[in-house]
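Colleague: coords please:
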Amino acid sequence: MNLYPFAIGWVALLIVVLVLAFYRSRLAREEDDIPHISEPEAEVYASRQIAIARKLEKVEFWGKLLTVLLILYGLALAVAFSYRAWVESSRIS
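Modeller: Model prediction:
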């Protein structure tokens, strides 16, 4: 059985996780930690920050979930490659 398509799938999942991490960092730059209470547009700032916080929560959820999946998939792939190498090396020629 050829395991390289599974390795390509793992790399694709890695790329998705890295893109999510980059997107999260870009999104976090828009977040403002200082409340603008005295300004006339305080309500606009508040609604924008709430929207950004919701987006960040969704991105963080998917980022954590896909990172755990990436690690588990990588471990399973490493075990499969190791087992295959062990079987190949133990064959009598």
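Colleague: Just name the shakiest helix or strand of the chain by mean pLDDT.
Modeller: helix 42-90 (a mean of 92; mean pLDDT, DSSP states H and E).
Colleague: For the spatially most central residue of the chain, report the pLDDT, please.
Modeller: Nearest residue to the geometric centre of the chain (Cα atoms, centre = their mean): V17, 2.9 Å. Looking at V17, its pLDDT is 97.
Colleague: That one: what's it in contact with?
Modeller: Contacts here follow Cβ atoms under 8 Å, 6 or more residues apart in numbering; on that basis V17 touches 63, 66-67, 70. (C-beta placed from N, C-alpha, C; glycine too.)
Colleague: Also L27?
Modeller: Here L27 is in contact with 52, 55-56, 59 (criterion: Cβ under 8 Å, 6+ apart).
Colleague: Just among the residues you listed, which is most surrounded?
Modeller: Among the contacts of L27, V59 has the most neighbours (other Cβ atoms under 10 Å), with 18 neighbours.
Colleague: Thought L20 was touching it, still the case?
Modeller: Yes: with contact defined as Cβ atoms under 8 Å, V59 counts as touching L20 (6.1 Å).
Colleague: Now the residue nearest to the centre of the chain, what are its backbone angles?
Modeller: When read as degrees, to the nearest 10, the backbone of V17 gives phi -60, psi -40.
Colleague: ok, it to I92 distance?
Modeller: 42 Å (Cβ to Cβ, to the nearest Å).
Colleague: ok so, going back, just the buried residues of the contacts of V17.
Modeller: Buried by 16 or more other Cβ atoms under 10 Å: 63, 66, 70, out of the contacts of V17.
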